[in-house]
Structure formats: C-alpha cells, structure tokens
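>>> One predicted model, sequence on top.
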Amino acid sequence: MFLNNRTKERLPLQKKCALVDSLGYIETQTIDMSKIGLGVKTDKKLPIKLKIGCELMVFIESMDKLYMAELIWAKKDFNKTTRFGLNILLEY
C-alpha cells in the first residue's frame, strides 16, 4: 500500500531544471510542483552526492524561477531514472 504524505495539490510541470550545490550541478526535469515542493527527475549520472536534508539551489530557466530547496527523498527507478522530492524553503 502506498501512503501519500502530500498536503498540497501538485500540478504537472515538465520543464528543464538545474539542481546546484557548492560542488556542482545536475540537469534535471521537473515532474510536478506545488506551493511548497517540487518533484524532479534525471536519467543522467549524478556528478554530485546528494544526501537527504541537503539544501540545493533550484533553477527553472524557462520560468525565470530560482529557489532554495531541501532534498526530502530520492529514489532510483528500475530504468535508472533518479527521482527527487524537494521542499521549497525560499523563492528568490
């Protein structure tokens, strides 16, 4: 049984996105977005190590959006796609 812990409505959003920390960046694509969070995915090899609780800058160029977000969860699918759940902390 799958538990859905989401408290805010998420809307589908498919935009190119970059996750950035002090060691580098990862090109990703958004999956969905709510008022407090983002779902993103990537098929690329991760050039930086991400740990639950780390803070990342999130840049969605086509929307001219920049966020500071916390990594809440990450998982790798059977097809080697990595998915991330991010909690938005600040919008710039």
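It's in. It should be emphasised that the depicted structure is a prediction, and the values quoted were computed from it without experimental measurement. Numbering: from 1, shown residues only.
>>> So which residues of the chain form helices?
Counting by DSSP state H, the chain has no helices at all.
>>> now the strands for it?
Per DSSP state E, the chain carries strands over the ranges 11-12, 16-21, 24-33, 37-42, 55-60, 65-76, 82-91.
>>> Now do the same contact list for residue 17.
Going by CB atoms under 8 Å, 6 or more residues apart in numbering, residue 17 touches 27-30, 38, 40, 58-60. C-beta: built from backbone N, CA, C; applies to glycine.
>>> Of all pairs in these, which one is the farthest apart?
Longest distance between any two of these is 14.6 Å, between 27 and 38; criterion CB to CB.
>>> who's more crowded, those two?
Neighbours were counted for residue 27 and for residue 38 using other CB atoms under 10 Å; residue 38 has more, 25 against 12.
>>> thought that one was touching residue 91?
No: at 11.3 Å, residue 38 does not count as touching residue 91 under the criterion of CB atoms under 8 Å.
>>> burial count for residue 43?
Residue 43 has 12 nearby residues by other CB under 10 Å.
>>> Tell me how far it lies from residue 34.
Going from residue 43 to residue 34 by CB to CB, to the nearest Å gives 23 Å.
>>> tally of neighbours for residue 87?
15.
>>> Which residue, other than its chain neighbours, is closest to the residue nearest the centre of the chain?
Among the residues of the chain, the one closest to the centroid is residue 40, at 4.0 Å (CA atoms, centre = their mean). Leaving aside its sequence neighbours, residue 40 sits nearest to residue 28 (CB to CB, 6 or more residues apart in numbering; 4.3 Å).
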